[in-house]
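Student: Sequence and predicted structure below; questions after.
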Amino acid sequence: MSAKPEAKLQRQNRILREQVVKIQRRYEEKIAELSMIREMGATLLYIRSFERACRFILHVVIQNTVAQNCSIMLLDPNANRLFLVAAADPEGNPFVLESWRAVSRVGVHYTFAMGEGAAGRALEEQALVSIPDVSRSADFAQTGKNRVKLGSLLAVPLIVEDLPLGVLNLSHPETEAFNSNENKLFEIIANFVALSIHSTLSYERLEASERKYRSLAENLHDGVATLQGNTHLYANPRYREITGLELETLAQTPFDLLVEGPEAQPFLQELHGLAIGESLHSMYELILHTPDGRRLDTEINASAFDHNGQTARMISVRDVTERKALERHVEQARKTEALAAVAGGVAHDLNNVLGGLISYPDLMLFEIAEDSPLRQPLLTVKKSGEKAARIVQDLLTLARRGVAAREIVNLNDLVKEYLESPEYTSLKAYHPRVEVTTRLDANLWNVSGSPVHLSKTLMNLVSNAAEAMPDGGAVLISTRNRSVSPSSDPAGDAQGKDAVVLSVADQGKGIAEDEIQRIFEPFFTKKVMGRSGTGLGMSVVKGTVDDHGGQINVQSRPGLGTTFTLHFPATQATKKDSKEARGPDAFRGQGESILVVDDVEEQRRIAEALLGRLGYSTWCVPSGEEAVESVKTQKPDLVLLDMIMDPGMDGLETYRHMLALYPELPAVLVSGYTMTQAVRDARDLESILFLKKPYALDSLGTTVRQALSRAVPA
């Protein structure tokens with residue numbers, strides 16, 4: 001009886017031992033898998049080479065898993081197809097695509113499209129595809145050409161940040177070689193593979209980009225030199241060109257003497273402190289001065305290396321003088337543009353305000369006696385308004401929105417008028433020891449331009465010259481003709497055309513070289529406050545010259561004076577005889593009806609009062625829309641339109657609607673802005689004239705009379 005229980009107990013112990021062995025074996029397998037995964041992840045973390053990473057992955061998978069064959073395919077998102085980058089050779093030799101081909105996809109072998117075959121389907125579904133028996137699968141057609149015997153196959157997608165990267169393919173010659181445990185293991189491995197492939201390819205792309213950049217940099221013809229201590233050992237041709245020194249001279253020239261600037265000392269300290277293998281922490285911007293007096297803006301970098309057992313430094317020097325000059329020019333243009341926008345807006349508002357100061361004194365002067373004590377105060381108010389209007393014109397010139405009215409002008413006449421003006425008298429009072437002389441060409445050609453702006457330019461130049469000579473001196477104003485042949489224009493003056501040249505030269509303290517480029521900046525001045533008018537100075541001069549299609553040259557040296565030379569395109573047109581000042585009777589109306597359109601109530605009142613005083617019948621509306629509706633029931637003989645009306649239609653759009661009703665209707669367009677595209681478009685209309693804001697009685701009357709006289713009778 002005792003033998004049977006003992007045998008049963010032995011069987012149970014044997015079964016238990018077998019189970020323990022299985023559990024232990026499975027535990028050891030899991031430990032091995034975890035160790036493999038940990039080793040794989042740790043190793044791949046430090047591999048930056050794409051090709052090394054692929055070889056390592058193939059080796060680990062084949063040596064440590066049930067898979068007998070392994071391949072990696074990547075997705076070309078442009079072609080939407082997979083291409084082979086790595087595979088285990090049947091003889092054990094891995095195939096790995098060169099990294100540059102993997103990045104550029106040049107000469108790659110495309111296999112499956114997205115959704116095609118087991119690999120394409122795994123990538124499209126972003127899920128593992130298992131084929132236990134390849135011979136029974138429609139996803140895989142095995143032919144005699146296959147070098148690898150396939151029984152079962154796994155296709156595991158490689159996904160990074162939810163984006164498809166490629167596929168990890170695993171196969172075995174036997175069927176049903178992969179169970180659920182192996183599937184989970186390969187999914188974990190695929191995560192490591194995806195991250196490694198993605199990071200190494202990113203690194204390879206970065207390195208390729210850096211190699212390309214280095215290759216470009218080496219061919220940019222930067223100056224390169226080798227230093228040991230402070231002595232030049234070698235200099236390439238570009239370095240010798242930049243410094244202006246040959247190698248024999250450079251060998252006797254300490255490098256420290258060539259550089260200057262705020263960063264010179266920190267640069268030299270870091271340069272001479274570099275150890276072998278070290279580079280400067282950043283590129284330095286320094287001034288490099290040459291024996292011939294040039295001062296070049298440069299960018300300098302350096303690194304240290306071993307040369308005959310001693311530390312040497314390789315320096316690269318890039319001449320950025322032109323780039324720096326362009327940056328300064330762009331920066332000045334940006335500042336000018338910003339200031340111009342502000343100036344233009346302010347000038348527009350001031351024009352409306354000044355309308356009353358200039359126009360109402362005219363009306364009042366006609367109502368009072370010649371000997372009235374109020375006459376002089378009213379004239380003073382009007383004169384102050386006109387002076388303020390000239391300041392507004394300076395602002396508009398700065399904003400490139402000044403009045404574009406052009407006349408035939410002779411600069412000699414402008415010079416003579418200025419020397420007889422109150423402004424010149426005031427200048428002489430401030431600078432009694434300054435003598436102004438002229439040298440004017442008696443046969444000077446004419447120019448087409450704005451007398452107001454050209455006179456202001458001359459006044460600013462003479463004021464600058466006087467301010468430059470606090471102890472007195474001579475100022476010479478000269479004019480001359482400059483004939484330019486069609487085939488040659490070495491100076492490039494006035495765009496290669498015959499030019500009229502205006503020069504203002506002084507014997508003053510001169511302008512420092514670093515300030516010459518700044519004198520045209522708005523509000524840059526060294527004048528005495530209160531003696532320089534608007535303070536816009538040379539910005540107005542430069543703007544006027546540019547607007548007239550001319551050029552300006554400056555020659556100056558500290559202590560030797562300054563000469564400003566202005567070139568304006570000449571014209572063969574003759575100057576019209578000036579007309580005598582006329583009273584209101586010369587342009588009085590005959591009861592013609594005029595529609596005034598302006599969004600500012602004060603401007604409507606001014607126009608209505610002045611036109612009424614001149615004998616016209618007027619009615620006013622505040623917008624373009626109301627004006628169009630008004631003329632549908634009552635046709636005016638002329639319409640006086642403000643150019644800028646906000647919101648709603650502007651003056652030009654309003655007038656075009658009116659022309660659709662009355663094609664011959666004359667108009668006067670009123671604005672302080674006459675350099676806008678809308679005004680340029682309006683100039684193409686023969687039935688329209690322009691009137692500058694703010695306007696006085698005589699200018700309004702003359703323009704209205706001229707517009708009416710040009711109208712074609714109905």
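Tutor: Structure's in. What do you need? All values reported here derive from a predicted model rather than from experimental measurement.

Student: can we go C-alpha only for contacts and neighbour counts from here?
Tutor: Noted.

Student: tell me the mean pLDDT for stretch 372-391?
Tutor: Stretch 372-391 shows a mean pLDDT of 75.

Student: Now it - C-alpha only, PDB.
Tutor: The C-alpha coordinates for stretch 372-391 follow below in PDB (Å, rounded to 0.1, in the frame of the first residue of the first chain):
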ATOM      1  CA  SER A 372      -6.300 150.700 -39.400                       C
ATOM      2  CA  PRO A 373      -4.200 149.800 -36.300                       C
ATOM      3  CA  LEU A 374      -5.400 146.300 -36.800                       C
ATOM      4  CA  ARG A 375      -3.700 145.900 -40.100                       C
ATOM      5  CA  GLN A 376      -0.200 145.300 -38.800                       C
ATOM      6  CA  PRO A 377      -1.300 142.700 -36.200                       C
ATOM      7  CA  LEU A 378      -3.300 140.800 -38.900                       C
ATOM      8  CA  LEU A 379      -0.300 140.900 -41.300                       C
ATOM      9  CA  THR A 380       1.800 139.500 -38.400                       C
ATOM     10  CA  VAL A 381      -0.700 136.700 -37.900                       C
ATOM     11  CA  LYS A 382      -0.700 135.800 -41.600                       C
ATOM     12  CA  LYS A 383       3.100 135.900 -41.800                       C
ATOM     13  CA  SER A 384       3.400 133.600 -38.800                       C
ATOM     14  CA  GLY A 385       0.900 131.200 -40.400                       C
ATOM     15  CA  GLU A 386       2.900 131.200 -43.700                       C
ATOM     16  CA  LYS A 387       6.100 130.600 -41.700                       C
ATOM     17  CA  ALA A 388       4.400 127.600 -39.900                       C
ATOM     18  CA  ALA A 389       3.200 126.400 -43.300                       C
ATOM     19  CA  ARG A 390       6.800 126.300 -44.500                       C
ATOM     20  CA  ILE A 391       7.800 124.200 -41.500                       C
END
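
Student: what's in contact with it?
Tutor: Residues external to stretch 372-391 that are found in contact with it (Cα atoms under 8 Å, 6 or more residues apart in numbering): 351, 354, 357-359, 361-362, 364-365, 368-369, 534, 694.

Student: So which elements touch the helix ranked longest in the chain?
Tutor: Using DSSP state H to assign secondary structure, the helix with the most residues in the chain is helix 321-367. Contacting helix 321-367 under the criterion 3 or more Cα pairs under 8 Å, 6 or more residues apart in numbering; DSSP states H and E are the following elements: strand 295-307, helix 375-398, helix 601-613, helix 697-710.

Student: List only buried entries from the contacts of stretch 372-391.
Tutor: 351, 354, 357-359, 361-362, 365, 534, 694 (16 or more other Cα atoms under 10 Å).

Student: among the helices and strands packed on helix 321-367, which gets the worst mean confidence?
Tutor: Of all these, helix 375-398 has the smallest average pLDDT, which comes to a mean of 71.

Student: Beyond that helix, next helix or strand please.
Tutor: Once helix 375-398 ends, the next helix or strand along the chain (criterion: DSSP states H and E) is strand 407-409.

Student: tell me which residues in that next one are buried?
Tutor: Of all the residues in strand 407-409, those buried under the rule 16+ other Cα under 10 Å are 407-409.

Student: again with stretch 104-122
Tutor: When neighbours are counted by 16+ other Cα under 10 Å, the buried residues of stretch 104-122 are found to be 110-114, 116-122.

Student: With pLDDT, secondary structure and distance to residue 209 as added columns, please give those residues in TSV.
Tutor: Rendered in TSV, the data for the buried residues of stretch 104-122 read as follows (pLDDT from 0 to 100; DSSP: H, G, I helix; E, B strand; the rest coil; distance: Cα to Cα, whole Å):
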residue	pLDDT	secondary structure	distance to residue 209
110	91	strand	25
111	89	strand	28
112	91	strand	29
113	92	strand	29
114	90	coil	29
116	90	coil	34
117	90	helix	35
118	91	helix	35
119	92	helix	31
120	92	helix	31
121	92	helix	34
122	93	helix	32
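
Student: want to try CSV for the residues you listed, with distance to residue 259 as columns?
Tutor: Shown next, in CSV, are the buried residues of stretch 104-122 (distance: Cα to Cα, whole Å):
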residue, distance to residue 259
110, 57
111, 60
112, 62
113, 61
114, 61
116, 66
117, 67
118, 67
119, 63
120, 62
121, 65
122, 63
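
Student: Of all pairs in the residues you listed, which one is the farthest apart?
Tutor: Based on Cα to Cα, the longest span within the buried residues of stretch 104-122 runs between 110 and 122 and measures 16.5 Å.

Student: Then residue 66 would be within a strand, right?
Tutor: No: inclusion of residue 66 in a strand is not indicated when DSSP: H, G, I helix; E, B strand; the rest coil is applied; the result is coil.

Student: Show the backbone phi and psi for it.
Tutor: Torsion angles at residue 66 (phi, psi; degrees, to the nearest 10) stand at phi -70, psi -20.

Student: so what's it scoring on pLDDT?
Tutor: Confidence at residue 66, expressed as pLDDT, is 86.

Student: What's the local residue count around it?
Tutor: One way to gauge burial is a neighbour count; for residue 66, by other Cα atoms under 10 Å, it gives 14.

Student: how near is it to residue 39?
Tutor: 18 Å (Cα to Cα, to the nearest Å).

Student: show me where the stretch 101-250 of the chain has strands.
Tutor: Secondary structure of the stretch 101-250 of the chain (DSSP state E, counting those that start in this stretch): strands located at 110-113, 129-131, 152-160, 163-172, 223-228, 231-235.

Student: Burial check on residue 472, number of neighbours?
Tutor: Residue 472 has 16 neighbouring residues, counting by other Cα under 10 Å.

Student: which residues sit in contact with residue 110?
Tutor: Each residue near residue 110 by Cα under 8 Å, 6+ apart is listed here: 81-84.

Student: Most neighbours out of these, which is it?
Tutor: Neighbour counts for these were taken using other Cα under 10 Å; the highest belongs to residue 82, with 26 neighbours.

Student: Which positions are bridged to it in the beta structure?
Tutor: When bridges are taken as DSSP bridges, the partners of residue 82 come out as residue 75.

Student: ok, now the one 4 residues further on?
Tutor: Going by DSSP bridges, residue 86 is paired in beta bridges with residue 72, residue 96.

Student: ok, now residue 435?
Tutor: Residue 435 has the following beta-bridge partners by DSSP bridges: residue 474.
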